[in-house]
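[1] When you get a sec, could you give me coordinates for this:
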Amino acid sequence: MGVVNVTPDSFFETVRTPDTAAAIARGRALFDAGCDIVDVGGESTRPGALDVALDEELARVVPVIAALAAYGPISVDTRKAEVARAAVAAGASVVNDVSMTLPEVAGELGVGYVAMHTQGTPQTMQINPHYDDVVGEVFATLADLAQRAQSAGVRQLWLDPGIGFGKRPDDNWALLRHLRELVELATSLGAGVLVGTSHKRFLDTAGAPLATVEDRFEGSLATAAWALSQGVSIVRVHDVVACGHVRDLLARPVEEVSL
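    Coordinates of the predicted model:
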């Protein structure tokens, strides 16, 4: 899953596409580079980001989705039911819900649904997040959300542990260590798993602090490879070409790989 942020304030400045033409060009390039699905969002959900008015979010994402839907599957990254409905009408086939509030909307629309765990809102989620058992609590919440979605009629479903959304660095690493169990849980529920680690701040805690968001490339690639090796269905990434190579390499039997 490649990322198109139609926003002026997403955390990864070098891939922001705040105007329609640039966003469409990036989306087409992502499909050309081998993306299986492109995720279009018009509201930054980085820690501390401000809410975007409904009319503004609609104006950002609907023309982009309408233009890109002819090139491949599109998901809409949103917290608003109205945006989800307009995006699907424009050609999106998946609602990527970063609020845990839209399973019934996805069921109503008859589209795929990404159920992502979060704690709080973008304004509050990184203010002292706390879990007694992050793996158990996140997995239980996702199982409940999956059941809500399926009861609402969703037939294509992915569970997302919400790396970086109301999580301390140790919480994020714990969830990554237990991805295999999440995949097993999702499979038992008839779902897949989606993981997004790309260029997120917690990667700085793996070693020496990194200077810029761009310096998180290696950590992004390593965690994407780990997620895919654990059976995750979709990785949401900015570095599409490199992650595509990793995906393809992991899909090959070891005996076919020349060293």
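[2] so what does the helix of greatest length in the chain touch, helix or strand wise?
    Scanning the chain for the helix with the most residues, using DSSP state H, yields helix 134-151. Helices and strands touching helix 134-151, by 3 or more Cβ pairs under 8 Å, 6 or more residues apart in numbering; DSSP states H and E, are helix 103-109, strand 112-116, strand 157-160, helix 169-177, helix 179-188. Any C-beta I mention is one placed from the backbone N, CA and C, and that applies to glycine too.
[3] Redo the ones you listed as JSON lines? Include distance to residue 217 and mean pLDDT.
    As requested, the helices and strands packed on helix 134-151 are exported to JSON lines (distance: least, Cβ to Cβ, whole Å; pLDDT from 0 to 100):
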{"stretch": "helix 103-109", "distance to residue 217": "32", "mean pLDDT": "98"}
{"stretch": "strand 112-116", "distance to residue 217": "23", "mean pLDDT": "98"}
{"stretch": "strand 157-160", "distance to residue 217": "22", "mean pLDDT": "98"}
{"stretch": "helix 169-177", "distance to residue 217": "17", "mean pLDDT": "97"}
{"stretch": "helix 179-188", "distance to residue 217": "21", "mean pLDDT": "98"}
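[4] Show me where the protein has its strands.
    For the chain, strands defined by DSSP state E occupy the ranges 2-5, 38-41, 74-78, 94-97, 112-116, 157-160, 192-195, 234-235.
[5] Quickly run through the sheet partners of the last one, with directions.
    Its sheet considered, strand 234-235 pairs with strand 192-195 (parallel) by DSSP bridges.
[6] any weak-confidence spans in the stretch 101-250 of the chain?
    Counting by pLDDT under 70, the stretch 101-250 of the chain contains low-confidence ranges at 123-125, 208.
[7] try 80 this time
    Within the stretch 101-250 of the chain, the stretches with pLDDT under 80 are 120-125, 128, 207-211.
[8] wait, which of the helices and strands packed on helix 134-151 is closest to residue 140?
    Closest approach to residue 140 among the helices and strands packed on helix 134-151 is made by helix 179-188 (9.5 Å; Cβ to Cβ).
[9] hmm, back to that, now tabulate the strands of the chain in a markdown table and tack on distance to residue 61 and mean neighbour count.
    Compiled in a markdown table, those are given as follows (distance: least, Cβ to Cβ, whole Å; neighbours: other Cβ atoms under 10 Å):
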| stretch | distance to residue 61 | mean neighbour count |
| --- | --- | --- |
| strand 2-5 | 9 | 27 |
| strand 38-41 | 5 | 28 |
| strand 74-78 | 6 | 29 |
| strand 94-97 | 11 | 28 |
| strand 112-116 | 16 | 27 |
| strand 157-160 | 19 | 26 |
| strand 192-195 | 19 | 25 |
| strand 234-235 | 20 | 22 |
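[10] Show me the one of the ones you listed that comes nearest residue 142.
    Using Cβ to Cβ, the strands of the chain put strand 157-160 closest to residue 142, at 4.5 Å.
[11] Check which strands are paired with the closest one and give the direction for each one.
    Sheet pairing for strand 157-160, using DSSP bridges, gives strand 112-116 (parallel), strand 192-195 (parallel).
[12] Give me the residues contacting it.
    Under the contact criterion Cβ atoms under 8 Å, 6 or more residues apart in numbering, strand 157-160 has outside partners 112-117, 142, 145-146, 149-150, 182, 185-186, 189-196, 233-234.
[13] again, only this time at 10 Å
    For strand 157-160, contacts defined as Cβ atoms under 10 Å, 6 or more residues apart in numbering pick out 1, 75, 94, 96-98, 103, 106, 112-118, 138-139, 141-143, 145-146, 149-150, 182-183, 185-186, 189-196, 232-234, 236.
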